[in-house]
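**Q** please find the sequence and the predicted model below.
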Amino acid sequence: MQDQIFQLQYAMDTFYFLVCGALVMWMAAGFSMLEAGLVRSKNTTEILTKNVALFAISCVMYLIVGYSIMYDGGIFLSGIETVDVAGVLAESAEAGFDGDSVYSGASDFFFQVVFVATAMSIVSGAVAERMKLWSFLAFCVVMTGFIYPMEGAWTWNGADVFGLYNLGDLGFSDFAGSGIVHMAGAAAALAGVLLLGARKGKYGANGEINAIPGANLPLATLGTFILWMGWFGFNGGSVLKLGDVASSHSVAMVFLNTNAAAAAGAISALVLARIWFKKADLTMCLNGALAGLVAITAEPSTPTALEASIFGAIAGLIVVASIITLDRLKIDDPVGAISVHGVVGFFGLIIVPITNGDVTFSGQLIGALTIFTWVFVCSLIVWGVIKAVIGVRVTEEEEFEGVDMAECGMEAYPEFGTIKK
């Protein structure tokens, strides 16, 4: 009977892990639609190409080298061993099996690789409308194959940071990746934006800030809802298992809190935008929902629904203030990715000790500083090398005409163009 229970739980946990991974993979469509909606129509094809290509590159690089760096074991050449059912059952019986960590190693890889792609997707939107496509893809190779796996090893794998200190021993925790995934992606994005500079016409000579509205807000809204849905896999899958009472309850609470934080974030951002701009700003509402999701990602299992809602609401206020502040600092981020994933990602880390007594504020601060410093400095170096070798920015003429034709040779909406006789 125990053998049958074990096998059933193994199958259930593995299936749950895979389904959650598929939901996170679906977030790639969300980022694609969100970014395509928030850029101008002349840059749509290129942003979509970036999102498809970065997902493919992320999967290949993490398979070849990233997973090996992050978890001390490769699968590209050696593969995932076939499960020795008899051996596992014997070990579980001898140890008094309690149902811990019973899922396939292949499912673990699949779940991890879609997180890598998520981190890289964050970079895409921030550098949109003026970066060379192949420069971006070159950075993607290094980010997903080395930069991200290194900080992932220090956090989720518990490795010492260059042999100096261990974040887990300091009381650091990041349940599903507010810092490890989201703030890391934002740090890489910030480094790229600083080297790249703002879009032409975004900031006037006299210091005025010119709005550059996106071409398709329905697409941006669809992208946000896709991300919202995918986040249930992002946070829910991070429970790692489903096949026992305690884990099932934890999954339910994670889903509940994830949804509550997103809803509260959307409302608070919309209300603040109404007060600040005297109008109901849809883009701020969308970013508010995403901010709530990012904030709760660091610890969605321990807060009550009320606490999750409060955290999400605060995140919605923070993201509006951050977007405005970065604009005033002339840091041009077309989709607000640095604010949503970076500033709010840091906020998400800092609030974890409020509901999780095993986590310390000092540990969270050191962990956040470690992640940000590593990713930002490495990214700045890589972006700098790429800039020196092949350049990172399209020409002024190409930017004016749109990077769709310059980089991809096709338009996303050709029927709106001029027909040549």
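**A** Sure, I can see it. Residues are numbered from 1 along each chain as shown.
**Q** only C-alpha atoms for contact and neighbour calcs from this point on.
**A** Noted.
**Q** show me the shaky parts of this protein.
**A** Counting by pLDDT under 70, the chain has low-confidence residues at 1-2, 73-104, 416-421.
**Q** can you give me the helices for the stretch 1-150 of the chain?
**A** For the stretch 1-150 of the chain, the helices defined by DSSP state H, counting those that start in this stretch cover 2-38, 44-61, 67-71, 85-95, 105-126, 133-142, 148-155.
**Q** residue 272: neighbour count?
**A** Neighbour count for residue 272, taken as other CA atoms under 10 Å: 21.
**Q** picking up where we left off before, out of the helices of the stretch 1-150 of the chain, which is closest to residue 181?
**A** Nearest of the helices of the stretch 1-150 of the chain to residue 181, taken as CA to CA: helix 105-126 at 5.1 Å.
**Q** got a list of what the closest residue to residue 390 other than its chain neighbours touches?
**A** Closest residue to residue 390 apart from its sequence neighbours, by CA to CA, 6 or more residues apart in numbering: residue 135 at 7.2 Å. Taking CA atoms under 8 Å, 6 or more residues apart in numbering as the criterion, residue 135 is in contact with 386-387, 390-392.
**Q** hang on, the earlier thing: need the helices of the stretch 1-150 of the chain in TSV with distance to residue 168, can you?
**A** Formatted as TSV, the helices of the stretch 1-150 of the chain follow (distance: least, CA to CA, whole Å):
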stretch	distance to residue 168
helix 2-38	24
helix 44-61	27
helix 67-71	15
helix 85-95	26
helix 105-126	19
helix 133-142	26
helix 148-155	7
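**Q** of the ones you listed, which is nearest residue 230?
**A** When the helices of the stretch 1-150 of the chain are compared by CA to CA, helix 2-38 sits nearest residue 230, at 4.7 Å.
**Q** angle of that closest one against helix 44-61?
**A** Here helix 2-38 points in a direction 150 degrees away from that of helix 44-61 (axes from the mean of the first three to the mean of the last three CA atoms, to 10 degrees).
**Q** so which elements touch helix 2-38?
**A** Here helix 2-38 touches helix 44-61, helix 105-126, helix 217-236, going by 3 or more CA pairs under 8 Å, 6 or more residues apart in numbering; DSSP states H and E.
**Q** stretch 261-279: which residues count as buried?
**A** Buried residues in stretch 261-279, defined by neighbour count with 16 or more other CA atoms under 10 Å: 261-273.
**Q** and which of those is nearest residue 355?
**A** residue 261 (14.6 Å).
**Q** list the contacts of the nearest residue to that closest one once chain neighbours are set aside.
**A** Leaving aside its sequence neighbours, residue 261 sits nearest to residue 312 (CA to CA, 6+ apart; 4.0 Å). Residues near residue 312 by CA under 8 Å, 6+ apart: 260-265, 291-293, 295-296.
**Q** can you rerun that using 10 Å?
**A** The contact partners of residue 312, by CA atoms under 10 Å, 6 or more residues apart in numbering, come to 257-269, 288-296, 306, 318, 344, 348.
**Q** cool, and residue 221?
**A** By CA under 10 Å, 6+ apart, the contact set of residue 221 is 30, 33-34, 37-38, 227, 282-283, 285-286.
**Q** next step: the buried residues of stretch 261-279 restricted to helices.
**A** The members of these that map onto helices under DSSP state H are 261-273.
**Q** can I get those residues in a markdown table with distance to residue 411?
**A** A markdown table is the format used below for these (distance: CA to CA, whole Å):
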| residue | distance to residue 411 |
| --- | --- |
| 261 | 38 |
| 262 | 34 |
| 263 | 35 |
| 264 | 38 |
| 265 | 35 |
| 266 | 33 |
| 267 | 36 |
| 268 | 37 |
| 269 | 34 |
| 270 | 33 |
| 271 | 37 |
| 272 | 36 |
| 273 | 33 |
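**Q** out of these, who's nearest residue 354?
**A** Nearest member of these to residue 354, counting by CA to CA, is residue 261, at 15.5 Å.
**Q** my guess is that closest one contacts residue 299. True?
**A** No: counting by CA atoms under 10 Å, residue 261 stays clear of residue 299, with 11.4 Å between them.
**Q** quick one: contacts for residue 61?
**A** By CA under 10 Å, 6+ apart, the contact list for residue 61 reads 67, 76, 113, 116, 140-146.
**Q** ok, of the residues you listed, which come out buried?
**A** Using 16+ other CA under 10 Å, the buried ones in the contacts of residue 61 are 67, 113, 116, 140-146.
**Q** report the distance from stretch 327-340 to the chain centre.
**A** Its chain's C-alpha centre and that of stretch 327-340 lie 16 Å apart, by CA atoms, centre = their mean, to the nearest Å.
**Q** buried residues in it?
**A** For stretch 327-340, by 16+ other CA under 10 Å, it's 327, 330-340.
**Q** which of the contacts of residue 135 tops the neighbour count?
**A** Busiest of these [other CA under 10 Å] is residue 392, holding 23 neighbours.
**Q** list phi and psi for that one.
**A** phi -120, psi -20 (degrees, to the nearest 10).
**Q** now it: how far from residue 105?
**A** Here the criterion is CA to CA, to the nearest Å. By it, residue 392 lies 38 Å from residue 105.
**Q** would you mind checking which of the buried residues of stretch 261-279 is nearest to residue 202?
**A** residue 273 (20.6 Å).
**Q** which ones are touching the closest one?
**A** When contacts are counted by CA under 10 Å, 6+ apart, residue 273 touches 267, 279-285, 317, 320-321.
**Q** equivalent analysis for residue 166, please.
**A** By CA under 10 Å, 6+ apart, the contact set of residue 166 is 154-155, 158-160, 172, 363, 367.
**Q** give me the buried entries from the residues you listed.
**A** Buried members of the contacts of residue 166, counted by 16+ other CA under 10 Å: 154-155, 158-159, 172, 363, 367.
**Q** out of these, list just those in helices.
**A** Reading helices off these with DSSP H, I get 154-155, 363, 367.
**Q** for residue 399, which non-adjacent residue is spatially closest?
**A** With sequence-adjacent residues excluded and distances taken as CA to CA, 6+ apart, residue 399 is closest to residue 130, at 6.0 Å.
**Q** gap between the one you found and residue 303?
**A** Distance, residue 130 to residue 303, by CA to CA: 41 Å.
**Q** one more: residue 137?
**A** 39 Å.
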